[in-house]
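>>> below is the sequence, then the predicted model.
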2 protein chains.
Amino acid sequence: MVLIADSGSTKCDWRVYDRIGAKVFQKRTNGINPMIHSDEDIGLLVQEVRNEIPNEILQVEFYCAGGKSEESQQRLFQVFSQFFKEAQVRIEDDLGIAVKCAKGEPSVVCILGTGANSCFFDGAKIHKRLPDWGYQVMDLGSGNYFGRELLRSYAYGYMPRDLLGKFEDSYNLNNKDILHELYQGGNPSSYLAKFAKFMIENRDHLFLRSMIRDGVDKVFEHVLGPYRYEMEQYPLYFIGSISFYLQDFLREKAKVLDCKAVHFISKPIEHL
Amino acid sequence: MVLIADSGSTKCDWRVYDRIGAKVFQKRTNGINPMIHSDEDIGLLVQEVRNEIPNEILQVEFYCAGGKSEESQQRLFQVFSQFFKEAQVRIEDDLGIAVKCAKGEPSVVCILGTGANSCFFDGAKIHKRLPDWGYQVMDLGSGNYFGRELLRSYAYGYMPRDLLGKFEDSYNLNNKDILHELYQGGNPSSYLAKFAKFMIENRDHLFLRSMIRDGVDKVFEHVLGPYRYEMEQYPLYFIGSISFYLQDFLREKAKVLDCKAVHFISKPIEHL
């Protein structure tokens, strides 16, 4: 049997498939991010899953943001190997599972979930042309980017009046709690991304439409910029919840730029 | 004697003045930021200073970003009181010392150092109209804002070619080290602000001029936005190293907006 887990910064989806490829187990837990979680934290989560699934796991595939960096790969490999002693363990980054959606077809792949990532997949190999410097520097157009933009508009007082009450009703905006989540909470990227939900739900508001369009422009200019040439020839896959919910905006921009076919997949683990 | 300390996120300046106001001691240490440093870390720093100065300190004034939040004020008060048992201890935020530069004159005061802050000072009291949500959400136009913008332009590959070599020579851009500083380093705001130095030193480059102008526009629109009315009537004080080095850009914009007199002070502790 095979255990496959796809982890964003916020949530991790686990599946077990039997010998003939039938799904025999599924579960959703908190996300695993080797940049912010300790080996011990990760171990506890893996153990929780281990206890619920059949013993005969012969292969483990774990995908997460930053999973391809040498250090993360080593650490995660050790944690997983400890709980799956008989299994062959493979640790890959979030692009590793995202490109599977292309089913072997050369494609440009862009992840927009809590974070952002992009690559050209030539049908066999991943070509990544941007460094992984995490949510503080990269991640344009991701959930944490939009969440931060929205929170900033509120903090600086330029969020339009007719959104204010609704926004205040939707979130706990207590100074102390916000500071705690951003600086001691352990997962600020995922915390910020929660605010993007409001933007998506109220996307018909002119202010939010313009915020979305601005982010979408940045995605095509910067996150996809290094794959401009390939985008003229190959289909474009957007993977992750943010791109899934903003697909009309992304499709509109892709059309203006004369992109080939554009596909949207919210959870790649459902498309293996 | 009086001990006065003014701490940014990166550096802290300490001074001791005797009974007639003559400076008898000065020192620069690492910065103290109650949001990121533990009581123990802060205690070690205070002890280091305590060991070097005369015993008869009757008053301690400590100023730092976020120093006015109830929790920070309480914690810092306890740490300082422990080392200065005989002294009256006052903990204030960075605006507390910045407004002293106005010498009692009603003014709009804007700090642009590693972080950013702003207020209207009516001659006696500080009126602050923006929350303190730290460098991840606020801080437009600050050192960490500009540093992040610059690092982002490098990471996404849109920094102009003729700046690349120079930038790479000026900083350690090893993936692992950058990730460490941003996520485990303990002071990401100060780390990001270090990159602003490059922007200031190469400000004649068109790309960087435009980056600076964009940041300066955001300062007037958002950081100073809530004090628009007072800016028509009262002088404007810019405090901190970033505003000091960018004063020609800030002055230009202030002129366009018809501001009253504009003053620039790099270190308020030199102007008490």
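Received it, and whenever you're ready, just let me know what you need.

>>> for the rest of this, base every contact and every neighbour count on C-alpha atoms.
Noted.

>>> strands along the stretch 151-272 of chain A, start to end?
Ranges of strands in the stretch 151-272 of chain A, per DSSP state E, counting those that start in this stretch, are A:236-239, A:262-265.

>>> format those strands as TSV; extra columns: mean neighbour count and mean pLDDT.
Compiled in TSV, the strands of the stretch 151-272 of chain A are given as follows (neighbours: other Cα atoms under 10 Å in any protein chain shown; pLDDT from 0 to 100):
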stretch	mean neighbour count	mean pLDDT
strand A:236-239	25	98
strand A:262-265	19	98
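
>>> chain B: which of these is closest?
Nearest to chain B among the strands of the stretch 151-272 of chain A is strand A:236-239 (18.6 Å), distances taken as Cα to the nearest Cα.

>>> which residues of chain A lie near chain B?
By Cα under 8 Å from any Cα of the partner chain, the residues of chain A that approach chain B are A:35-36, A:130-134, A:136-138, A:148-149, A:151-152, A:155-158, A:175, A:178-179, A:182-183, A:222-223.

>>> coming back round to it: of the strands of the stretch 151-272 of chain A, which is nearest residue B:15?
strand A:236-239 (55.7 Å; Cα to Cα).

>>> what is the closest one packed up against?
Identification of packing neighbours for strand A:236-239 by 3 or more Cα pairs under 8 Å, 6 or more residues apart in numbering or on different chains; DSSP states H and E yields strand A:107-112, strand A:262-265.

>>> what about residue A:91, which SS state?
Under DSSP: H, G, I helix; E, B strand; the rest coil, residue A:91 falls in the strand class.

>>> quick check: bridge partners of the residue nearest to it when sequence neighbours are not counted?
In space, and not counting its chain neighbours, residue A:91 is closest to residue A:62: 5.0 Å by Cα to Cα, 6 or more residues apart in numbering or on different chains. Under DSSP bridges, the beta-bridge partners of residue A:62 are residue A:5, residue A:91.

>>> can I get the strands of the stretch 151-272 of chain A in CSV including distance to residue B:15?
Listed next are the strands of the stretch 151-272 of chain A as CSV, based on distance: least, Cα to Cα, whole Å:
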stretch, distance to residue B:15
strand A:236-239, 56
strand A:262-265, 60
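
>>> and of those strands, who's closest to residue B:52?
Nearest to residue B:52, of these and by Cα to Cα, is strand A:236-239 at 58.7 Å.

>>> domains in chain A, by residue range?
A:2-97, A:103-267 (automatic domain parsing).

>>> residue B:111 is nearest to which of the strands of the stretch 151-272 of chain A?
Smallest distance to residue B:111 across those (Cα to Cα): 41.1 Å, for strand A:236-239.

>>> strands paired with that closest one, and their directions?
With DSSP bridges as the test, strand A:236-239 is paired with strand A:107-112 (parallel), strand A:262-265 (parallel).

>>> which parts of chain A are helices?
All helices of chain A, identified by DSSP state H, fall at A:39-50, A:70-83, A:94-98, A:143-155, A:161-170, A:175-183, A:188-193, A:196-201, A:206-218, A:228-231, A:241-245, A:247-256.

>>> any idea which of the ones you listed scores lowest on pLDDT?
Looking over the helices of chain A, mean pLDDT reaches its minimum on helix A:175-183, with a mean of 91.

>>> which residues does that one contact?
By Cα atoms under 8 Å, 6 or more residues apart in numbering or on different chains, the surrounding residues in contact with helix A:175-183 are A:187, A:188, A:191, B:35, B:36, B:131, B:132, B:133, B:134, B:136.

>>> returning to that earlier point: make a markdown table out of the helices of chain A and add distance to residue B:48.
Shown next, in a markdown table, are these (distance: least, Cα to Cα, whole Å):
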| stretch | distance to residue B:48 |
| --- | --- |
| helix A:39-50 | 35 |
| helix A:70-83 | 36 |
| helix A:94-98 | 47 |
| helix A:143-155 | 37 |
| helix A:161-170 | 45 |
| helix A:175-183 | 27 |
| helix A:188-193 | 33 |
| helix A:196-201 | 45 |
| helix A:206-218 | 47 |
| helix A:228-231 | 56 |
| helix A:241-245 | 50 |
| helix A:247-256 | 56 |
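
>>> just to revisit the earlier point, a markdown table for the domains of chain A, including distance to residue B:78?
Supplementary listing: these in a markdown table, determined by distance: least, Cα to Cα, whole Å:
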| stretch | distance to residue B:78 |
| --- | --- |
| domain A:2-97 | 31 |
| domain A:103-267 | 20 |
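
>>> tell me the pLDDT at the residue lying closest to residue A:33 once chain neighbours are set aside?
Nearest in space to residue A:33, with sequence neighbours left out and distances taken as Cα to Cα, 6+ apart, is residue A:9 at 5.7 Å. pLDDT for residue A:9: 78.

>>> check the burial of residue A:9 by counting its neighbours.
23 (other Cα atoms under 10 Å in any protein chain shown).

>>> ok, residue A:166 next?
Residues within reach of residue A:166, counting by other Cα under 10 Å, total 12.

>>> measure it to residue A:125 for me?
Separation of residue A:166 from residue A:125 (Cα to Cα, to the nearest Å): 46 Å.

>>> what do you get for residue A:232?
Counting by Cα to Cα, the gap from residue A:232 to residue A:125 is 19 Å.

>>> and if you look at residue A:137?
Here residue A:137 is placed at a distance of 26 Å from residue A:125 (Cα to Cα).

>>> any idea how far residue A:200 lies from chain B?
When distance is defined by Cα to the nearest Cα, to the nearest Å, residue A:200 is 19 Å away from chain B.

>>> what is the burial count for that residue?
Neighbour count for residue A:200, taken as other Cα under 10 Å: 17.

>>> hang on, the earlier thing: figure out which of the strands of the stretch 151-272 of chain A is closest to residue B:242.
In terms of Cα to Cα, the element of the strands of the stretch 151-272 of chain A nearest to residue B:242 is strand A:236-239, at 39.3 Å.

>>> so who does the residue most central in space within chain A touch?
Taking Cα atoms, centre = their mean, the centroid of chain A lies closest to residue A:113, which sits 3.5 Å from it. For residue A:113, the contact set (Cα under 8 Å, 6+ apart) comprises A:8, A:142, A:143, A:239, A:240, A:241, A:242, A:243.

>>> one more time with 6 Å, if that's ok
Shown here is residue A:113, whose contacts under the criterion Cα atoms under 6 Å, 6 or more residues apart in numbering or on different chains are A:142, A:143, A:240, A:241, A:242.

>>> now tabulate those in JSON lines and tack on neighbour count.
As requested, the contacts of residue A:113 are arranged in JSON lines below (neighbours: other Cα atoms under 10 Å in any protein chain shown):
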{"residue": "A:142", "neighbour count": "28"}
{"residue": "A:143", "neighbour count": "29"}
{"residue": "A:240", "neighbour count": "24"}
{"residue": "A:241", "neighbour count": "19"}
{"residue": "A:242", "neighbour count": "25"}
